[in-house]
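In: what's the 3D shape of this:
(one chain, ligands or ions: 1)
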Amino acid sequence: MIPYGRQDIRQEDIDAVVDVLKSDFLTQGPQVPAFEQAVAKAAGARHAVAVNSATSALHIACLALGLGPGDLLWTSPITFVASANVGRLCGADVDFVDVDPDTANMCPQALAEKLAAAKAAGRLPKVLIPVHMCGQSCDMAAIGALARDYGVKIVEDASHAIGGSFEGKPVGDCRHSDITVFSFHPVKIVTTAEGGVATTQDADLARRMELFRSHGVTRDPALMEGESEGGWYYQQVELGLNYRMTELQAALGVTQMTRLAEYVDRRNALAERYDAALGNLPLKRPGRLAQARSSFHLYVIRVEAARRRAVFDALRAEGIGVNVHYIPVHTQPYYRRLGFAPGQFPQAEGYYAQAISIPLYHGLTEAAQDQVVAAVEKALA
Ligand SMILES: *Cc1c(COP(=O)(O)O)cnc(C)c1O
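Out: Just a heads-up that it's a prediction; the model follows:
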């Protein structure tokens with residue numbers, strides 16, 4: 001089976017992790033700050049906070065922005081469930097903004113209309129989470145301008161998009177947002193096995209996310225109420241969690257990050273090869289946004305909805321590990337119980353009905369890619 005995604009692990013990664021095992025620190029040592037620095041540098045951000053998953057990073061981002069009961073979070077229906085769930089975990093209500101059918105990214109026009117209606121109804125969201133689907137940035141200039149106009153905070157879910165850029169600047173520099181979140185799950189572009197990082201330019205937000213990552217506890221006298229009682233002293237000043245990343249994970253991330261440009265270049269080259277090879281088939285290739293360079297976490301083709309299931313099954317039968325990203329979140333049973341129903345976000349539902357993710361990862365050979373193309377051709381014939 002050719003999988004749809006796969007990590008790239010080299011001897012230098014293995015050596016770095018083994019070195020940590022032999023060192024004094026399995027957690028809370030020097031590797032996490034080194035990994036945070038590597039991500040901050042690649043993203044063009046002043047601050048980076050590493051945690052044990054992107055889900056945790058989205059959660060502490062929302063906590064740091066003060067999202068709570070009575071508040072509202074909006075995200076895209078075409079995403080992994082975590083982008084919406086973190087709102088619920090903060091006790092907030094969740095709603096969705098429909099996508100652009102070409103890119104599956106949050107549609108600025110739909111957002112503008114929904115914000116105007118929400119303002120009229122007196123219920124604006126506190127936090128907006130646009131999702132950079134497949135590694136291609138949303139139109140953050142348009143989304144950021146709208147959020148500023150309406151006083152809405154933005155957390156970019158860039159789980160797919162490390163190494164991507166928008167307007168020539170790296171995704172993660174938060175030029176049009178408050179916080180950006182990356183995932184380091186093995187199917188993503190760079191891995192720490194499990195892991196997430198939140199970047200920001202705002203020192204205060206970074207400090208608050210660090211607190212929420214680790215029990216809300218601080219040893220920094222500047223953050224305490226009253227005086228320190230001595231060298232042993234700590235205070236709990238917020239209600240936090242234990243979302244810390246281990247040193248083993250961070251060491252893996254440090255060596256992986258040195259290859260970020262290589263990974264993204266290779267994925268783009270493979271995507272261009274797919275674009276060329278699939279050009280004459282009855283399918284839609286990924287839509288491109290002129291201002292963005294995708295990191296190509298995923299390559300999603302779209303086929304006639306009535307044939308999607310048969311094409312998917314035929315590809316699996318040929319040993320091609322295709323997948324579907326994503327089932328619209330509002331149609332999940334949990335969200336239906338909250339009152340959502342199919343038909344509410346027609347562009348997202350239409351995209352889902354046609355989508356098939358075909359294999360794309362750094363180690364995919366051109367021969368294996370040709371096998372995928374031949375199988376797609378055969379399945380569509
Ligand atoms: C993978 C992913 C997440 C969750 O990432 P984890 O690191 O697995 O918690 C969130 N949002 C999107 C869009 C993702 O693809």
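
In: ok, Phe296 - contacts?
Out: Residues counted as contacts of Phe296 (CB atoms under 8 Å, 6 or more residues apart in numbering) are Cys134, Gly135, Val264, Arg267, Asn268, Leu270, Ala271, Leu360. Just so you know, the C-beta spots here come from the backbone N, C-alpha and C atoms, and that holds for glycine as well.

In: what's the answer for Leu252, then?
Out: Asp13, Ala16, Val17, Thr191, Thr192, Ala193.

In: And for Gln347?
Out: Asp98, Val99, Asp100, Pro101, Cys107, Ala110.

In: Tell me the residues of the protein that contact the ligand?
Out: With the criterion set to CB under 6 Å from any ligand atom, the chain comes near the ligand through 53-55, 79-80, 82-83, 131, 157, 159-160, 183, 185, 196.

In: Where helices are concerned, which of the residues you listed count?
Out: Of these, the ones assigned to helices by DSSP state H are Ala54, Thr55, Ala82, Ser83.

In: Name the residues of whichever helix or strand Asp15 is part of that are buried.
Out: For Asp15, the element it lies in under DSSP states H and E is helix 11-21. Of all the residues in helix 11-21, those buried under the rule 16 or more other CB atoms under 10 Å are Asp13, Ala16, Val17, Val20.

In: Run through the neighbouring helices and strands of it.
Out: For helix 11-21, the contact count by 3 or more CB pairs under 8 Å, 6 or more residues apart in numbering; DSSP states H and E identifies helix 247-257 as packing neighbours.

In: Next SSE downstream of the helix it packs on?
Out: Sequence-wise, the next helix or strand downstream of helix 247-257 (DSSP H and E) is helix 260-277.

In: For that following helix, list every residue counted as buried.
Out: For helix 260-277, the buried set under the neighbour-count rule, 16+ other CB under 10 Å, comprises Leu260, Tyr263, Val264, Arg266, Arg267, Asn268, Leu270, Ala271, Tyr274, Ala277.

In: Then stretch 53-62?
Out: Ser53, Ala54, Thr55, Ser56, Ala57, Leu58, His59, Ile60, Ala61, Cys62.

In: Regarding the fifth one, which helix or strand does it belong to?
Out: If I follow you right, that is Ala57. According to DSSP H and E, Ala57 maps onto helix 54-64.

In: what packs against that helix?
Out: strand 47-51, helix 82-89, strand 153-157, strand 179-183, strand 196-200, helix 203-213.

In: any idea of the mean pLDDT for the second one?
Out: The reference is to helix 82-89. Averaged over helix 82-89, pLDDT sits at 98.

In: swap in the last one?
Out: Confidence for helix 203-213, expressed as mean pLDDT, is 98.

In: And the third one, by the same measure?
Out: For strand 153-157, the mean pLDDT works out to 98.

In: number of nearby residues for the residue nearest to Phe184 when sequence neighbours are not counted?
Out: Excluding the flanking residues, the one nearest Phe184 by CB to CB, 6 or more residues apart in numbering is Gly195, at 3.6 Å. Look at Gly195: counted by other CB atoms under 10 Å, it has 30 neighbours.
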